[in-house]
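Colleague: below: sequence and its predicted model.
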Amino acid sequence: MDFSESSESSQTSSSEEEDAYTILVMQVPQILRRVFIGDKTDKLVEFLLLKYQKKELVTKAEMLHIVDHDDHEQFPLLFKEVRECMCLGFGIDVRKRNSPGDTYNIVPLLGLTYTGIVGDDQIIPKIDLLIVILTVIFVNGSYASTEEIKEVVRTRQMLPKRHFPTGDRWKFITEDLVQEGYLEYRQVPSSYPARYEFLWGPRTHAETNKMKVLEHLCKVNKMDPRSYPRLYDQALKEDLESAMNELEAIEDEV
């Protein structure tokens, strides 16, 4: 292959990667809408999310008490659907314990605790919205404009089981999530008239990382994280920096 062919191939590869990245940016809200919570599973999902917040174990008997009696015979299939929903929708797994009895651990995969932001009948749409916003911020390059987040809110509002009053949504994002440290909402430097943008807050950085968010997004999308080299390299760089900082902290203590 001569230089011109090599250059053309490199440009084509770069263009394909850019196209894939652009498509991902545009499709994040749609990709993360694929988890469907039906009428038979919503109560159990809400119950498990509250259990997760409280860091409590859950038993099969408790779960059977939540679902309708008519669905008890179909519980194994129902539980499979709920577990998939918890995993893909909220980054949480429900795993049976290696001990006598039907007892389960509720395990964080994404790392987010969600404490302090939910606790009522809006638990599903609130957590759902938080995950989508954090993902959009990451995919967009670590920040997202007010307009972009408003479009995300508009998109999610149209989904079943994902809505709550319009005023409450924006207050939840700009006040509650900021107060809890999940988001930072700031004026874009040197912008006039003033424009505002969202970034990950300190609590998000403490509870999760870019690699976990990328892996979660790709799990929902049934893709390999390496399919998005730019995001994967960014997440991997953060992991390496974090590991180096931890090593330096250990060395300082010795």
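Modeller: That came in fine, so what should we check first?
Colleague: helix or strand next in line after the least confident helix or strand in the chain by mean pLDDT, which one?
Modeller: Ranked by mean pLDDT, DSSP states H and E, the weakest helix or strand in the chain is helix 3-31, scoring a mean of 50. Using DSSP states H and E, the helix or strand that follows helix 3-31 in sequence is helix 42-53.
Colleague: can you report phi and psi for residue 78?
Modeller: Phi and psi for residue 78, reported as degrees, to the nearest 10, are phi -60, psi -40.
Colleague: now swap in residue 95 and tell me
Modeller: Dihedral angles for residue 95 - degrees, to the nearest 10 - are phi -120, psi 140.
Colleague: go on, residue 103?
Modeller: phi -120, psi 140.
Colleague: quick thing: my sequence starts at 21, can you match it?
Modeller: Sure thing, new numbering starts at 21, so read that last one as residue 123.
Colleague: name all residues that make contact with the nearest residue to it once chain neighbours are set aside.
Modeller: Nearest residue to residue 123, sequence neighbours excluded (C-beta to C-beta, 6 or more residues apart in numbering): residue 117, at 4.9 Å. Every residue, glycine included, has its C-beta placed from N, CA and C. Neighbouring residues of residue 117 by C-beta atoms under 8 Å, 6 or more residues apart in numbering: 77, 123, 124, 125.
Colleague: and stretch 223-234, average pLDDT?
Modeller: Here stretch 223-234 scores 94 as its mean pLDDT.
Colleague: and the residue nearest the centre of the chain?
Modeller: The centroid of the chain falls nearest to residue 151 when counting by C-alpha atoms, centre = their mean (3.3 Å).
Colleague: my guess is residue 248 contacts residue 234. True?
Modeller: Yes: in this structure, residue 248 is within contact of residue 234 by C-beta atoms under 8 Å, at 7.2 Å.
Colleague: where along the stretch 121-270 of the chain do the strands fall?
Modeller: Taking DSSP state E, counting those that start in this stretch as the criterion, the stretch 121-270 of the chain carries its strands at 123-128, 164-165, 203-207, 216-220.
Colleague: quick one: the third one to strand 216-220, angle?
Modeller: To tie it back to what came earlier, the one meant is strand 203-207. Here strand 203-207 runs at an angle of 150 degrees relative to strand 216-220 (axes from the mean of the first three to the mean of the last three C-alpha atoms, to 10 degrees).
Colleague: which strands and helices sit next to strand 203-207?
Modeller: Packed against strand 203-207, as judged by 3 or more C-beta pairs under 8 Å, 6 or more residues apart in numbering; DSSP states H and E, are the following elements: helix 197-199, strand 216-220.
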